[in-house]
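Trainee: Predicted model, plus sequence, below.
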Amino acid sequence: MASSAEAKTSATRVTRRRAETRDRLLTAAYEAFSEEGFGRATVERVCERAGFTRGAFYSNFGSLDELFLAMWEQRSAAMLAEVRRTLDEIPVGTDDVRTSIERLERAVPVDEAWYRITAEFTTHALRNPELRRVMAAREEAIVNALMPTIVAGLARVGRTVPDPDALGQALVAVHDGTSVQVLMEPRSRVVRRRRTDLIYHVVLAYSTETEG
């Protein structure tokens, strides 16, 4: 009979192997969705890219929809961590609002491949009421997780946010809308400067100078 230590080691190996399989499937799916399109990608194509069988796929994900949501969660967690790291590095009273926004933009870059994937999946979700609700709830959760960091970052530069939810929705709208413009004219400094200007004015509109 295996000892408890041996059983624990075996379980750890299984968990690590499962995590590695899951990561390889997520990477393969990202490539497939980006290059072929979400609507054209299949479980077979994802498995082929990852070097696994359909069994490996279905032991980790119930569908391509579920896989995309896992990918979204993974990328959102990485983005939140980078935003927190970036804004936490702002020394109190040193940056102005615009400089802080430029820091934030570097932490959340416009990624063409990811934009193509999310745009196609959003269109897909709009045709599925249940999936639409799931996406709306997840986006709300991401904004709720992000806003305390944004509010704290603005406090470091002397701004108070009366309604974080409203600012969060406005920032998402600006980011999504201006991302298209940046991707259409990736070499245009004017487009990027106007994007920063718009974010700056939105932040000013939804925040006030801290008293005292």
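Mentor: Alright, I've got the coordinates.
Trainee: Tell me which stretches of the chain form strands.
Mentor: Listed in chain order, the strands of the chain (DSSP state E) span 159-160, 208-209.
Trainee: Those strands into JSON lines, with extra columns for distance to residue 39?
Mentor: (C-beta placed from N, C-alpha, C; glycine too.) Converted to JSON lines, those look like this (distance: least, Cβ to Cβ, whole Å):
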{"stretch": "strand 159-160", "distance to residue 39": "42"}
{"stretch": "strand 208-209", "distance to residue 39": "45"}
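Trainee: so where's this protein uncertain?
Mentor: Scanning the chain for pLDDT under 70 picks out the ranges 1-14, 93-94, 212.
Trainee: Now do the domain split for it, please.
Mentor: Listed by automatic domain parsing, the domain ranges of the chain are 1-62, 64-209.
Trainee: Most tightly packed of the strands of the chain?
Mentor: By mean neighbour count, with neighbours taken as mean count of other Cβ atoms under 10 Å, strand 159-160 ranks first of the strands of the chain at a mean of 15.
Trainee: Which strands and helices lie in contact with it?
Mentor: Helices and strands touching strand 159-160, by 3 or more Cβ pairs under 8 Å, 6 or more residues apart in numbering; DSSP states H and E, are strand 208-209.
Trainee: if we go to 10 Å?
Mentor: Here strand 159-160 touches helix 129-156, strand 208-209, going by 3 or more Cβ pairs under 10 Å, 6 or more residues apart in numbering; DSSP states H and E.
Trainee: Isn't residue 122 up against residue 116?
Mentor: No: taking Cβ atoms under 10 Å as the definition, residue 122 is not a contact partner of residue 116, at 11.0 Å.
Trainee: Identify the contacts common to these two.
Mentor: In terms of Cβ atoms under 10 Å, 6 or more residues apart in numbering, residue 122 and residue 116 are both contacted by the residues residue 38.
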